[in-house]
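1. got a predicted structure plus its sequence, pasted below:
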Amino acid sequence: MAVSGIYNQLSTNYEHLSTMKRINSAADDAAGLSISESLKSQSGGYDAATNNTANTKNMLNVADGALSSIADSLQRIRELSVQASNDTYSSDDKASMQDEINQLKQHISDAAGNTEYNTKKLLDGSVTSVNTAATANGSSIQTKLPNSTLDALGIADYDVTGSFDISKIDDAIKKVSSSRSEIGASTNALDYAYSNSQYTSQNLTAARSRIEDLDVPRYVSELNKNKILNEYRLFVQSAKTGQATRGISILLGNRS
């Protein structure tokens, strides 16, 4: 190998060690580069899917928290309703109970109207479902969002000061419980999709690393070998140049 060849190999060794990558250009390994880029694309898709599912899970946690608060208010309204059903209470007593019920209804209305995630209303019926791109190819998981307004729950005009039906509150509690169950099931599905995407991305990244990453001990050994060869060839070249110079001097001396 010529000195220039050894020098070029040294430059390549230094380049690989500086980047810690075996493939820095297509010239290093054309087939390997193609496979590596394909794996990178797939891994990026799974990473995006992981982020998507995480965001939707966060959104559902917000919705479930608000529904839990609504359920608590409904349970309290039911307790007051049972209390108001007792004839031992006066009209003024029932009016006081209704005042508390009105406050609880206002809380339910506020929770349904103001609960949002990234400016998206979650419980007022304006958004009925959310699609989550939960895989690398963009296929989605659909998550239903409930309408939890007073009208949707059927208790907008609920009043215990006159004739009332507690079963309306029972129906409202069932609706909220059903909504929470659906959200829980969707969260579980997203958990599975999240874990699958994360695990697949890790495996793809590991596979890409095995193709791209440098075998440092081998390249350091090769670098040292090429440095020694380069020094040896420079020495030989210098020695030959010195011998030629001395020969010319001898010839010129004889002629003189």
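-> Everything's here; your move.
2. and the lengthiest helix in the chain, what other elements does it pack with?
-> Longest among the helix segments of the chain by residue count, using DSSP state H, is helix 30-84. Packing partners of helix 30-84 (3 or more Cβ pairs under 8 Å, 6 or more residues apart in numbering; DSSP states H and E): helix 91-114, strand 116-117, strand 129-133, strand 140-144, helix 167-212. Using the backbone N, CA and C atoms, a C-beta is placed for each residue, glycine as well.
3. give me the below-cutoff pLDDT ranges for the stretch 151-256 of the chain.
-> Filtered on pLDDT under 70, the stretch 151-256 of the chain yields the residue ranges 209-256.
4. go again using 50 as the cut-off
-> Applying pLDDT under 50 to the stretch 151-256 of the chain flags the ranges 248, 256.
5. list the contacts for T50?
-> 194, 197-198, 201 (Cβ atoms under 8 Å, 6 or more residues apart in numbering).
6. 6 Å instead, please
-> Residues in contact with T50, defined by Cβ atoms under 6 Å, 6 or more residues apart in numbering, are 194, 197-198.
7. reformat the residues you listed as CSV; add neighbour count and distance to T205.
-> Below are those laid out as CSV (neighbours: other Cβ atoms under 10 Å; distance: Cβ to Cβ, whole Å):
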residue, neighbour count, distance to T205
Y194, 20, 16
S197, 23, 12
Q198, 16, 11
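8. circling back to that earlier point, S38: which of the helices and strands packed on helix 30-84 is closest?
-> Taking Cβ to Cβ, helix 167-212 is the member of the helices and strands packed on helix 30-84 nearest to S38, at 9.0 Å.
9. between the closest one and helix 91-114, how big is the angle?
-> Here the directions of helix 167-212 and helix 91-114 differ by 20 degrees (axes from the mean of the first three to the mean of the last three Cα atoms, to 10 degrees).
10. make 11 the first number, not 1, from now on.
-> With 11 as the first residue, the last one maps to helix 177-222.
11. elements contacting helix 177-222?
-> helix 40-94, strand 150-154 (3 or more Cβ pairs under 6 Å, 6 or more residues apart in numbering; DSSP states H and E).
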